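>>> Sequence below, structure please.
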Amino acid sequence: MKRKNSDSKSAIRNPQSAIENPVLFVGAGPGDPELITVKGQKALMAADVVIYAGSLVPEALLDWTRPGSEHLSSASMNLEQIVRKMVDDQSAGKRVVRLHTGDPSLYGAIFEQMVELEQRGIPYQVIPGVTAAFAAAASLGIEYTLPEISQTLILTRMAGRTPVPESEDLAALARHQASMAIYLSISMIDKVAEILKHAYGETAPCAVVYRASQPEEKVVRTSLETLVKCVKDENITKQALIIVGKTLSVNSDNIVYKSYLYDKNFKHEFRK
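Next up, the predicted model:
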């Protein structure tokens, strides 16, 4: 929970009341209404006002709210309008939920909103959510971190209208050949494929998951060599993850390494 320091020019009129009624940033999960956390569900059920990312959060998530609550899509709103709505409603004693897709800490643009609330002395809390990379792994039936195959998962995106730091360029990250989930880049699939082929090899397995966990979900398994064609054939242009990594090539027929955790000869604190 956050609030402005006591030496701030703006003060909370009723600090105790405000602390008990913070603005809640809630992760909606990847889209399936049942994949929201229990804590997030309870927040929606208690909310007077829900400001949701309308271009990404399915309206089915709003079924958890109670009759009479206000629902407002932020798709056409700018930062100032969103903050003003949160501040005005919270100051009026209303329970405000700011509903973001996936987990709000990942490409959620929540930090700038939290800063604005802090500057106005408005308390807030963050309730995490399930990000799409994990819903995609569930749909694919994969584990990103297989023993001796890959122990690292990189969540990243291509530079587009929003740039990325030079040290986090996709080509630089791909050189690690770790498991990778690439967000917000499906519209640049040609560039993505060329970069990944150079690092992982043309025949490396990959996958695209469109709207993971939602009724419209599409799962495409292919190789980097045919990735672009498959994406275009399926007419996938947005809301899709690109998954690549050595763990995609492991299946029930060729699993070689198993975890020590459940090895009968491996001793640890709980198993002698």
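>>> Can you mark which positions in stretch 67-82 are buried?
69, 74, 82 (16 or more other Cβ atoms under 10 Å). Any C-beta I mention is one placed from the backbone N, CA and C, and that applies to glycine too.
>>> Is it correct that the last one is in contact with residue 49?
When you say that, I think you mean residue 82. No - judged on Cβ atoms under 8 Å, residue 82 makes no contact with residue 49 at a distance of 11.6 Å.
>>> circling back: now, which of the buried residues of stretch 67-82 lie within helices?
Here DSSP state H is the test, and the buried residues of stretch 67-82 give residue 82 as lying in helices.
>>> from the buried residues of stretch 67-82, which is closest to residue 103?
Nearest to residue 103 among the buried residues of stretch 67-82 is residue 74, at 17.1 Å by Cβ to Cβ.
>>> quick one: residue 127 and residue 25 touch, right?
Yes - if you go by Cβ under 8 Å, residue 127 and residue 25 touch, sitting 6.9 Å apart.
>>> quick one, which of these two is more surrounded?
residue 25 (26 against 23; other Cβ atoms under 10 Å).
>>> tell me the SS of that one?
strand (DSSP: H, G, I helix; E, B strand; the rest coil).
>>> just checking, it touches residue 126?
Yes - in terms of Cβ under 8 Å, residue 25 counts as a neighbour of residue 126; the distance is 4.6 Å.
>>> joint contacts of those two?
Shared contacts of residue 25 and residue 126 (Cβ atoms under 8 Å, 6 or more residues apart in numbering): 104, 110, 114.
>>> What's the local residue count around the first one?
Counted with other Cβ under 10 Å, the burial measure for residue 104 works out to 25 neighbours.
>>> Tell me who's in contact with it.
Here residue 104 is in contact with 25, 26, 27, 110, 126, 128, 129 (Cβ under 8 Å, 6+ apart).
>>> Am I right that residue 253 is in a helix?
No - the assignment for residue 253, made by three-state DSSP, is coil rather than a helix.
>>> count of neighbours near it?
Residue 253 has 5 neighbours, counted by other Cβ under 10 Å.
>>> The one 3 residues further on too?
Number of residues near residue 256 (other Cβ under 10 Å) recorded here: 9.
>>> Name the helix or strand for it, please.
Under DSSP states H and E, no helix or strand contains residue 256.
>>> how much space is there between it and residue 144?
17 Å (Cβ to Cβ, to the nearest Å).
>>> Which residue ranges of the protein form strands?
Secondary structure of the chain (DSSP state E): strands located at 23-27, 49-52, 70-73, 96-100, 124-127, 153-157, 179-183, 205-210, 218-223, 240-244.
>>> tell me the angle the first one makes with strand 96-100.
Pointing back at strand 23-27 there. Counting by axes from the mean of the first three to the mean of the last three Cα atoms, to 10 degrees, strand 23-27 points 20 degrees away from the direction of strand 96-100.
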